[in-house]
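Visitor: I need the structure of the sequence given here:
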Amino acid sequence: MPPVYAKDAPPSRIGWRLPPFYCPFDKGLIHPKAAELEERAIAWIDAFGIYPDATERAWGLATHSADFTSRIIPYGDVEPVLLFIEWNYWANAVDDWQDSGSTATRTADVADHSARLVRTIEAPGSALLPPGPLTEALDDLVTRTRAMLTPFQLRRFTEGTRDWLFGAGWQTANAERGVMPSLNEFAAMRVSVNGTRFTLTWCDAANGIHVPADLLYSAPVQALTDAAGFIVSCDNDLFSYNKEDHQEPWEQNLLNVVAQHLGCSPRQALAPAVALRDRAMTLFVRLREQLARDADEPLRRYLDSLAHYVSGCVAWQNRAPRYASPRNRNTLPVAGASYDITWRDTPSDPSPEPPPVPAIAWWWRQLEG
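Guide: Got it, this is the predicted structure:
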């Protein structure tokens, strides 16, 4: 079923047909327990009542967070995968709160809430958040997370959460000031806004991947990690554009940033935006192959997990009603709506050289020869 929107809905600035996607990894993987995991996660959602009414619940479930997690962790242990699914439903509820409305103190509100949230993860029982369903659900998530993760994984998760909220605060401050970031600024921050490290900690935990810190945080591995997060973020900006094109000021996403950079319309920005994304994908493929040549088992599994993250996100977003039947054009999400995307075998921009974006050019410097 193609994307769904009401007959009287405003037209899309970019249209409803996305360009073909270049993704040279298996795009059909999904966890064998996906249906069971979704059922258990929804039961947890309803037990805590994290959505205030049926409409909010419908849109919360339209994120297809269970499908997202089951596609990016297609082979993971069930209990960590389930816990991460629940984290994702909860995080989407927080993200939607941060993305809604506009007030003079909104950046301050986000910064204050973020500080309280991170401290709650680091020090349970701090009583920094107001009582309510979201706080009760968070307390449950934190208790189970601290029991499940190793101290190193817990530290990575906490720092990943802080990084996600740091990005959200930066983005909110831009909106409050009416500032559209430059392409270089956007590229520097998009991985944080996306919550990449929030996600990847759980991929490692569920897959039982333990890469030593000195290797995990080495420049080549971090460049590959950032590139994966950037690709996923670019794809999200394509799928989510029509969900957010009612916002004033305009949403800070890849298409609007490229349009500003080139002085063109968002529709005209599609091709160059996808070209930048594809050039990052070419770098990802080359650097991943380079690292795989001498990789031990933990690193090889980490490299596979990053590929699952990239390909699984495309497959998930294609089918998520959150994107294919967006809320700004529908009263309720529409089951079965899809962007019906197509694929290409080669990148739209085959250049192996770094793009003229200084904030990410260092990724290419990790290549040998």
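Visitor: show me where pLDDT drops low in the chain?
Guide: 95-105 (pLDDT under 70).
Visitor: if we go to 90?
Guide: For the chain, the stretches with pLDDT under 90 are 1, 92-106, 125, 248, 369.
Visitor: quick one: the strands in it?
Guide: All strands of the chain, identified by DSSP state E, fall at 21-22, 343-344.
Visitor: For the first one, give me every contacting residue.
Guide: With contacts defined as Cβ atoms under 8 Å, 6 or more residues apart in numbering, strand 21-22 is touched by 235, 278, 281, 314, 341-348. The way it works is simple: take the backbone N, C-alpha and C, and place the C-beta from them, glycine included.
Visitor: Excluding sequence neighbours, find me the nearest residue to the residue nearest to the spatial centre of the chain.
Guide: Closest to where the C-alpha atoms of the chain average out (Cα atoms, centre = their mean) is residue 194, at 4.4 Å. Spatial nearest neighbour of residue 194, chain neighbours left out: residue 233 (4.3 Å); criterion: Cβ to Cβ, 6 or more residues apart in numbering.
Visitor: next one: residue 228
Guide: Nearest to residue 228 is residue 306, by Cβ to Cβ, 6+ apart, at 4.6 Å.
Visitor: you'd agree that neighbour is up against residue 226?
Guide: No: using Cβ atoms under 8 Å, residue 306 makes no contact with residue 226, being 10.5 Å away.
Visitor: Just to be sure, which of the contacts of strand 21-22 are found in helices?
Guide: 235, 278, 281, 314 (DSSP state H).
Visitor: Determine which two of those are furthest apart.
Guide: 278 and 314 (12.7 Å; Cβ to Cβ).
Visitor: who touches both of these two?
Guide: Contacts common to residue 278 and residue 314, judged by Cβ under 8 Å, 6+ apart, are absent.
Visitor: OK, contacts around residue 255?
Guide: Taking Cβ under 8 Å, 6+ apart, one finds 14, 237-238, 241, 266, 269-270, 273 in contact with residue 255.
Visitor: of those residues, buried ones?
Guide: 14, 237-238, 241, 266, 269-270, 273 (16 or more other Cβ atoms under 10 Å).
Visitor: just those residues now: which is nearest residue 107?
Guide: residue 237 (21.6 Å).
Visitor: Where do the helices of the stretch 151-300 of the chain begin and end?
Guide: With DSSP state H, counting those that start in this stretch as the criterion, the stretch 151-300 of the chain has helices at 151-177, 183-194, 196-207, 213-216, 219-244, 254-262, 266-293, 297-319.
Visitor: what angle sits between the last one and helix 196-207?
Guide: Between the axes of helix 297-319 and helix 196-207, defined by axes from the mean of the first three to the mean of the last three Cα atoms, to 10 degrees, the angle is 120 degrees.
Visitor: could you say what helices and strands helix 297-319 packs with?
Guide: With contacts taken as 3 or more Cβ pairs under 8 Å, 6 or more residues apart in numbering; DSSP states H and E, helix 297-319 sits against helix 65-72, helix 196-207, helix 219-244, helix 266-293.
Visitor: Tabulate these in CSV, adding columns for distance to residue 323.
Guide: Below are the helices and strands packed on helix 297-319 laid out as CSV (distance: least, Cβ to Cβ, whole Å):
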stretch, distance to residue 323
helix 65-72, 11
helix 196-207, 18
helix 219-244, 4
helix 266-293, 16
